[in-house]
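A.B. asks: A structural model of the following input is requested.
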Amino acid sequence: MKIVKGDIVYLRSGRDRAGLSRLRKATGLEKREQAEQFRTQVETMPMAEQIERANTVAGVRGRVLRVLPREGKVVVEGLNKVTKHQKPRATGGAGMVQQGGRIEMEAPIPVSRVMLVCPHCDKPTRVGMREVDATRTTLSGPKQVKRRIRVCKQCGADIERPTDVAQA
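C.D. replies: Numbering: from 1, shown residues only. Now for the predicted structure:
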């Protein structure tokens, strides 16, 4: 899977052609105002409406909190909010009780509904892969390995994984 935890993604719809034409007509200031308005409304919308509206509003982006590769889904910060009603229950030892109530959380959305945002050109983009030779240090000495790097299809720049950037 080319999207990993910590990536910034753009919520997109599949085939809303009318929404795209409205988006191209809007000016920069209008786009920002629409995006802010959308972010305030998104908490109460059902997921289908979020996906439909996201294509008409520029700048609907979020950080990936969790990737579920077996299910082909991702959890994006601030999108697809659901309310879970949880009963109080005993956890652990004596007197330990987990509090119940209404818990708001983000639910997974299909990975096909999001696009990775290139940090260099700041646009939603498709991702290609490129292999490079790298040297890894092991206990028995340096070892030559092939490493796969994500590449932006629009600007051609390498896209580092957030986990790689944090280690460097």
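A.B. asks: pretty sure residue 8 is in contact with residue 62, am I right?
C.D. replies: Yes - counting by CB atoms under 8 Å, residue 62 is a contact partner of residue 8 at 7.3 Å. Backbone N, C-alpha and C define where each C-beta goes, glycine included.
A.B. asks: Residues in a beta bridge with residue 114, which ones?
C.D. replies: Judged by DSSP bridges, the bridge partners of residue 114 are residue 11.
A.B. asks: which residues touch it?
C.D. replies: Residue 114 sits next to 3, 9-12, 64, 74, 76 when contact means CB atoms under 8 Å, 6 or more residues apart in numbering.
A.B. asks: Not counting residues beside it along the chain, what's closest to residue 63?
C.D. replies: Leaving aside its chain neighbours, residue 63 sits nearest to residue 77 (4.6 Å; criterion: CB to CB, 6 or more residues apart in numbering).
A.B. asks: sorry, that was for residue 120
C.D. replies: residue 157 (4.1 Å).
A.B. asks: Return the distance of residue 102 relative to residue 86.
C.D. replies: 8 Å (CB to CB, to the nearest Å).
A.B. asks: okay, those two: which has more neighbours?
C.D. replies: Neighbour totals were compared for residue 102 and residue 86, and residue 86 leads with 12 against 8 (other CB atoms under 10 Å).
A.B. asks: which sections of the protein are below the confidence cut-off?
C.D. replies: Low-confidence segments of the chain, defined by pLDDT under 70: 1, 13-32, 43, 47, 51-59, 92-94, 164-168.
A.B. asks: swap the cut-off to 80 and go again
C.D. replies: Within the chain, the segments meeting pLDDT under 80 span 1, 11-60, 78-81, 90-98, 163-168.
A.B. asks: In the chain, what residue spans correspond to helices?
C.D. replies: 17-25, 28-41, 47-54, 162-167 (DSSP state H).
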